[in-house]
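>>> everything below, folded, please.
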Amino acid sequence: MLDQSLDSKLLAGDYVVTAMNGSGGVRGEFESIESPEMNDHDDMDIDDKEEKEAALREQAAELAQLEKLVASGLLEETEDDVNLDEIENILELTEDQFPKFTLAKNKARFLRMVSWYRQKEEWIDVAPLSGVTKLFKQQTKELEGIRSAKLDYEMELETGTLTPSQRSYRKDELKMCRVQEKMAVHLIAKLQIKIKSGRR
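Purely as a prediction, here's the structure:
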């Protein structure tokens, strides 16, 4: 999502739709991308299927790694020094104050998101109203998906039926949803101000 249009793979595709059930299977449903010019046997459908399968394999590998850490006693829950609920703008944090993640993919994803959101907030000042309006609609839609995934992870963590590795995985993903939600909300607020001022 590092260009002007959102990178759905970064914001939504990887973890917004990967909520898992207690047995370790994926429960979330993936949305297929369709257009009038495409049919079910198109190359894009094949690429989309391969991408989903690759995401599932990656997820399985991460859970397997967490299982090994649990078995060896080396798994440590990453606790933050700062309370996310008390932070209004994550982008104002210094690097040593950034949220901590267990999974390496989430550490890298978080840094990419911080970079992307910072670029967008700077871009708003010089962006045309049409571009700001388009990004506003995209971010609003993304926010719905983020909040849905966050709720899924919260509900699963309350069940008490997860293995230690599954619990660690979901806590990490939940934290990712929470920080992304805060950044998206902050950006949406700035976009709204720009849109209102541009229409006066």
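
>>> what's the span of stretch 84-99, first residue to last?
End-to-end distance for stretch 84-99: 8 Å, by C-alpha to C-alpha, to the nearest Å.

>>> going forward, count from 465.
New numbering, starting at 465: the last item is stretch 548-563.

>>> what distance do you get for the closest residue to Asn553 other than its chain neighbours to Ile554?
By the measure of C-beta to C-beta, 6 or more residues apart in numbering, the closest residue to Asn553 outside its immediate chain neighbours is His650, 5.3 Å from it. C-beta here means a position set from N, CA and C on the backbone, and glycine is covered the same way. Plainly put, His650 is 8 Å away from Ile554 if you go by C-beta to C-beta, to the nearest Å.

>>> who's more crowded, these two?
Here His650 and Ile554 are set side by side on neighbour count (other C-beta atoms under 10 Å), and the busier one is Ile554, at 22 against 17.

>>> count of neighbours near Leu655?
Counted with other C-beta under 10 Å, residues neighbouring Leu655 total 24.

>>> for Lys605, same thing?
Counted with other C-beta under 10 Å, the burial measure for Lys605 works out to 13 neighbours.

>>> how about Arg521?
By other C-beta under 10 Å, 10 other residues sit near Arg521.

>>> do the one 3 residues further on as well
By the measure other C-beta under 10 Å, the count of residues near Ala524 is 12.

>>> any idea which element it lies in?
Assigned by DSSP states H and E, Ala524 belongs to helix 507-536.

>>> following element in sequence after that helix, please.
With elements assigned by DSSP H and E, the helix or strand that comes after helix 507-536 is helix 568-588.

>>> average pLDDT for the helix holding Ala524?
When pLDDT is averaged over helix 507-536, the result is 67.

>>> again with stretch 628-638
The average pLDDT within stretch 628-638 is 89.

>>> list the buried residues for it?
Residues of stretch 628-638 classed as buried under the neighbour-count rule (16 or more other C-beta atoms under 10 Å) are Ser629, Gln630, Arg631, Ser632, Tyr633, Arg634, Lys635, Asp636, Glu637, Leu638.

>>> right, and Lys639 touches Phe565 too?
Yes. Using C-beta atoms under 8 Å, Lys639 is in contact with Phe565, at 6.6 Å.

>>> no more questions from me, cheers.
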